[in-house]
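Visitor: only the shape, not the letters, is given here:
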């Protein structure tokens, strides 16, 4: 039978890479989730601000884009928006409301799914933006929909369900 081998002092010390990995793993989960919420909220909120000239008063630019410029690119064809002003109002409201919910961490999963749906519509409207914008937005939205807002969110403070504790 082999005798127990006692590791040397050098073997007992974790490697520099191991220590760095442990340091990174010690980042509290709420921090990247909060960062994702902010990173996803900012571009949508800024876009939402451009759609309004006052309270529920669409800007001329938003009306023009949705009625004249924006097209849905589906199966190699381009189609105008079916109800362009309704789409402009809906996008403008969602681009203000959903980012605010994300920043607060309130109804985070639902806000993230809403932004994911908006990203899908934006993708078929502006297909060339997929790599630089739409794919990162979709990844951030999916992460937030999956993990929620984290411990630094109103969701966590208001109700502690099992799916919120990740």
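Guide: Structure's in. What do you need? Predicted model, so just to flag it, every value in this text is computed and none were measured.

Visitor: how close does residue 17 get to residue 23?
Guide: For residue 17, the distance to residue 23 (C-beta to C-beta, to the nearest Å) stands at 11 Å. Backbone N, C-alpha and C define where each C-beta goes, glycine included.

Visitor: what do you get for residue 99?
Guide: In terms of C-beta to C-beta, residue 99 sits 32 Å off from residue 23.

Visitor: looking at those two, which one has more neighbours?
Guide: Comparing residue 99 with residue 23 by other C-beta atoms under 10 Å, the one with more neighbours is residue 99, at 23 against 9.

Visitor: so which elements touch the host helix or strand of the more buried one?
Guide: Assigned by DSSP states H and E, residue 99 belongs to helix 84-104. Packing partners of helix 84-104 (3 or more C-beta pairs under 8 Å, 6 or more residues apart in numbering; DSSP states H and E): helix 30-49, strand 57-58, helix 60-64, helix 108-125.

Visitor: out of the ones you listed, which comes closest to residue 159?
Guide: Nearest to residue 159 among these is helix 108-125 (11.9 Å), distances taken as C-beta to C-beta.

Visitor: now the closest one against helix 84-104, angle please.
Guide: 140 degrees (axes from the mean of the first three to the mean of the last three C-alpha atoms, to 10 degrees).

Visitor: okay, the angle between helix 108-125 and helix 30-49?
Guide: When the same axes, to 10 degrees is applied, the directions of helix 108-125 and helix 30-49 differ by 50 degrees.

Visitor: in helix 108-125, what counts as buried?
Guide: Going by neighbour count (16 or more other C-beta atoms under 10 Å), the buried part of helix 108-125 is 108-109, 111-116, 118-119, 122-123, 125.

Visitor: and the helix or strand just after that helix, what does it pack against?
Guide: As assigned by DSSP H and E, the chain's next helix or strand after helix 108-125 is helix 135-147. Judged by 3+ C-beta pairs under 8 Å, 6+ apart, helix 135-147 is in contact with helix 30-49, helix 108-125.

Visitor: contacts made by the helix or strand following the first one with the rest, please.
Guide: Pointing back at helix 30-49 there. Tracing the chain C-terminally past helix 30-49 and defining elements by DSSP H and E, one meets strand 52-54 next. When contacts are defined by C-beta atoms under 8 Å, 6 or more residues apart in numbering, strand 52-54 is touched by residues 58-60, 62, 92, 96.

Visitor: in its sheet, what does strand 52-54 sit against?
Guide: strand 57-58 (antiparallel) (DSSP bridges).

Visitor: hmm, who's touching the partner strand?
Guide: 51-52, 85, 88-89, 92.
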